[in-house]
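Student: Model the structure of this input:
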Amino acid sequence: MAVRLLKVSSLATTVFAASGFYLYNNYVDPNDISIVRFGRAAITTAVISYDYLTSLKTVPYGTEDYWAVKSKVHLRSAERLKDLCCANRGTFIKVGQHLGALDYLLPEEYTSTLKILHSRAPQSSLREIEQVIREDLGKEIAQLFVSFEESPQGAASLAQVHKAVLHDGRTVAVKVQHPKVQTQSSKDILVIEFLLKTVTWLFPDFGFMWLVEEAKKNMPLELDFLNEGRNAERVANMLKHFEFLKVPKIHWDLSTKRILTMEFVEGGQVNDLEYMKENCIDVNEISQNLGKMYSEMIFVNGFVHCDPHPGNVLVKKCPKANKTEIILLDHGLYQVLNDKFRLDYCRLWQSLIKTDMKRVEKYSRRLGAGDLYPLFACVLTARSWTAVNSGISQTTVTNKEDVEIRTNAALYLPQISELLNKVPREMLLLLKTNDLLRGIETTLQTRASASSFFNMSRCCIRAIAKYQKKRSRSRYKKMQISFSEAFTLWQINLYELLLWIRGSTLGNWIVSFLNHIHYVH
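Tutor: Below you'll find the model as predicted:
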């Protein structure tokens, strides 16, 4: 093992020395040179690997000292990884953000440290932004806009957004890609792939090659802003029956693969409790509507927005209509679910909600979990195996259970890695999406609420009935399916109403009245 690491370290040193010689003779930004980016990444990987190998070597496995030392190594490694992402920017930050979103799949030391990357994205200069606009739209900023704010409204790993005003007076948001991201991304993915293979060679239990596969598939899509615009229009049309949802309209005449111009919409981040309090926004209503929206995307339509971190989900109170809007931004990353996967996923969630453990095993296996189906159920629900067996819709999430799950994420990291390499690729982005949504619910203190399970159940029933009707040729059979669907939905509505009455003032009054009558008699 030590010999392997020595080889990796020697390679990294050689690369770094070569890059230094190159820089000495060429006056360019070192961060733009592939060999420098590779050298930096290789050295960081070697240092992290050496830290794990040496720090844990002398500590007996399974003891309190072992877990305490491992936690410190996790934290040091996460800090080094964060620094690498900030230095190399672009694709590295995107991958780091992805890891930071996996709250219940990675040790907390990693997720809490890498979450910072959402606010550490680089900014391009106005000169660089002007260059991209000039190259793609063929005109200067002054010819296209009456005003264009120099400071971006926000900067992300791949692009930044500027507020501008068109000549007809409309205010727009102009999303401009960082100029060097396009050329660097494919090389960065190759670097990450090489380093992950090296780490897997050193640590056979480390199975995170799925991360590279996802980056290879998704990065070209995220870098195509025309694709993002099409996704935005598709989801807006798909969910147009939700009056609370706002998707900014696209200005196609001012959009290219590197520029996306859209309607400018203001709002507070969905996790900003202070903003919601100031604007009299009901957090329960927001949580319910967010659940409805995502249940519809996942179970009914199979077209899922996979980056719902708080910066991409805004909320706004409309004073005139006295309604609260959810504004969905950043439509670059969507997952399309095929019918087989989507229906198996529907039936798995139905089984989890009903605590039908035989069907939980059946559909977990059908989704690729194999003998790891108990772990899969826990990962999917972010609940303990005890809670899954007791009924996730019947038991609330306690702080003790949350700590247990996060601890187990570190204990069972090899098994989690194995699981993530076994399940279909569609599942990976859904797990990330689930974790991001749970993070929002945790902040809003609405996690595992009964209403979220009711909404999921309704969507699962509708999705399965819709599929069955599509496959059925008999009019009688279609009527039978429709009746069964309507009856089951009616049962859910009735049960939800009874629960509401039981928990309301009216329910308490009825119970008190009945008790009083019983006492009198």
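Student: hang on, isn't residue 231 packed against residue 335?
Tutor: No. Residue 231 is beyond contact range of residue 335, at 10.9 Å (criterion: C-beta atoms under 8 Å). (Glycine included, C-beta is placed from N, CA and C.)
Student: what ranges do the strands span in the stretch 1-150 of the chain?
Tutor: In the stretch 1-150 of the chain, the strands defined using DSSP state E, counting those that start in this stretch lie at 147-148.
Student: what ranges do the helices span in it?
Tutor: 2-25, 34-55, 64-88, 91-100, 108-114, 126-137, 141-144 (DSSP state H, counting those that start in this stretch).
Student: residues touching residue 103, list them.
Tutor: Each residue near residue 103 by C-beta atoms under 8 Å, 6 or more residues apart in numbering is listed here: 111, 382, 406, 435, 438-439.
Student: Residue 416 now?
Tutor: By C-beta under 8 Å, 6+ apart, residue 416 lies in contact with 105, 375, 379, 409.
Student: Which ones among these map onto helices?
Tutor: If you go by DSSP state H, those have 375, 379, 409 in helices.
Student: and which of the residues you listed is nearest to residue 47?
Tutor: The closest of these to residue 47 turns out to be residue 409 (C-beta to C-beta; 23.5 Å).
Student: per-residue pLDDT, the closest residue in space to residue 334 that isn't next to it in sequence?
Tutor: Excluding the flanking residues, the one nearest residue 334 by C-beta to C-beta, 6 or more residues apart in numbering is residue 231, at 5.1 Å. Per-residue pLDDT puts residue 231 at 96.
Student: re the thing from before, which of the contacts of residue 416 count as buried?
Tutor: By neighbour count, with 16 or more other C-beta atoms under 10 Å, those hold 105, 375, 379, 409 as buried.
Student: Any idea how many residues pack against residue 150?
Tutor: As a burial measure, residue 150 scores 8 neighbours (other C-beta atoms under 10 Å).
Student: I'd say it and residue 124 touch.
Tutor: No. Using C-beta under 8 Å, residue 150 is not in contact with residue 124, being 11.5 Å away.
Student: Now do the buried residues in stretch 264-277.
Tutor: Within stretch 264-277, the residues scored as buried using 16+ other C-beta under 10 Å are 264-265, 267-272, 275-276.
Student: average pLDDT across that stretch?
Tutor: Averaged over stretch 264-277, pLDDT sits at 92.
Student: ok, now stretch 461-479?
Tutor: Averaged over stretch 461-479, pLDDT sits at 84.
Student: what's the answer for stretch 489-502, then?
Tutor: Averaging pLDDT along stretch 489-502 gives 72.
Student: just to revisit the earlier point, redo the contacts of residue 416 as CSV? Include distance to residue 299 and pLDDT.
Tutor: Formatted as CSV, the contacts of residue 416 follow (distance: C-beta to C-beta, whole Å; pLDDT from 0 to 100):
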residue, distance to residue 299, pLDDT
105, 22, 70
375, 23, 92
379, 19, 88
409, 26, 75
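Student: could you give me the average pLDDT of stretch 291-300?
Tutor: Here the average pLDDT along stretch 291-300 is 90.
Student: Next: stretch 181-192.
Tutor: 86.
Student: mind checking how far it is from the chain centre?
Tutor: Put simply, stretch 181-192 sits 22 Å off its chain's centre (C-alpha atoms, centre = their mean, to the nearest Å).
Student: what do you get for stretch 114-124?
Tutor: Relative to its chain's centre, stretch 114-124 lies at 16 Å (C-alpha atoms, centre = their mean).
Student: and that stretch, C-alpha only, in CSV?
Tutor: The C-alpha coordinates for stretch 114-124 follow below in CSV (Å, rounded to 0.1, in the frame of the first residue of the first chain):
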residue,chain,number,x,y,z
LEU,A,114,-18.7,20.9,1.1
LYS,A,115,-22.1,22.7,1.4
ILE,A,116,-20.0,26.0,1.7
LEU,A,117,-19.2,25.6,-2.0
HIS,A,118,-22.7,26.9,-2.9
SER,A,119,-21.5,30.3,-1.7
ARG,A,120,-17.9,30.1,-2.9
ALA,A,121,-18.5,30.0,-6.6
PRO,A,122,-16.1,32.1,-8.7
GLN,A,123,-17.1,35.3,-10.5
SER,A,124,-16.1,36.3,-14.0
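Student: got the buried residues for that stretch?
Tutor: For stretch 114-124, burial by neighbour count (16+ other C-beta under 10 Å) applies to 114-118, 120-122, 124.
Student: Hmm, residue 80 and residue 113 touching each other?
Tutor: No. Using C-beta under 8 Å, residue 113 makes no contact with residue 80, being 9.7 Å away.
Student: Between the two, which is the more surrounded one?
Tutor: Neighbours per residue (other C-beta under 10 Å) separate residue 113 from residue 80, with residue 113 holding more: 22 against 17.
Student: sec struct for the residue nearest to residue 266 when sequence neighbours are not counted, please.
Tutor: Ranked by C-beta to C-beta, 6+ apart and with sequence neighbours excluded, the top spatial neighbour of residue 266 is residue 316, at 6.7 Å. Under DSSP: H, G, I helix; E, B strand; the rest coil, the three-state class of residue 316 is strand.
Student: Check which residues of stretch 465-474 are buried.
Tutor: If you call a residue buried by 16+ other C-beta under 10 Å, then stretch 465-474 has these buried ones: 465, 467-468.
Student: ok, of those, which one's closest to residue 219?
Tutor: With C-beta to C-beta as the yardstick, the closest approach to residue 219 among the buried residues of stretch 465-474 comes from residue 467, at 32.1 Å.
Student: Tell me which helix or strand the closest one sits in.
Tutor: Element membership of residue 467, judged by DSSP states H and E, is helix 450-471.
Student: Check which helices and strands that helix sits against.
Tutor: Packing partners of helix 450-471 (3 or more C-beta pairs under 8 Å, 6 or more residues apart in numbering; DSSP states H and E): helix 283-295, helix 339-354, helix 475-503.
Student: which residues sit against the first one?
Tutor: Right, helix 283-295. 239, 242, 244-245, 270, 273, 276, 304-305, 308, 313, 315, 324, 326, 328, 433, 437, 440-441, 444-446, 449, 451-452, 455-456, 458-459.
Student: In helices, which of these fall?
Tutor: 273, 276, 433, 437, 440-441, 444, 451-452, 455-456, 458-459.
Student: Report the contact partners of the residue nearest to residue 102 when sequence neighbours are not counted.
Tutor: Among residues not flanking residue 102 along the chain, residue 435 sits closest, at 5.8 Å (C-beta to C-beta, 6+ apart). Residues near residue 435 by C-beta under 8 Å, 6+ apart: 101-105, 382.
Student: Please report phi then psi for the residue nearest to residue 128 when sequence neighbours are not counted.
Tutor: Closest residue in space to residue 128, ignoring its immediate chain neighbours: residue 179 at 5.1 Å, by C-beta to C-beta, 6+ apart. The phi and psi values for residue 179, taken as degrees, to the nearest 10, are phi -60, psi -30.
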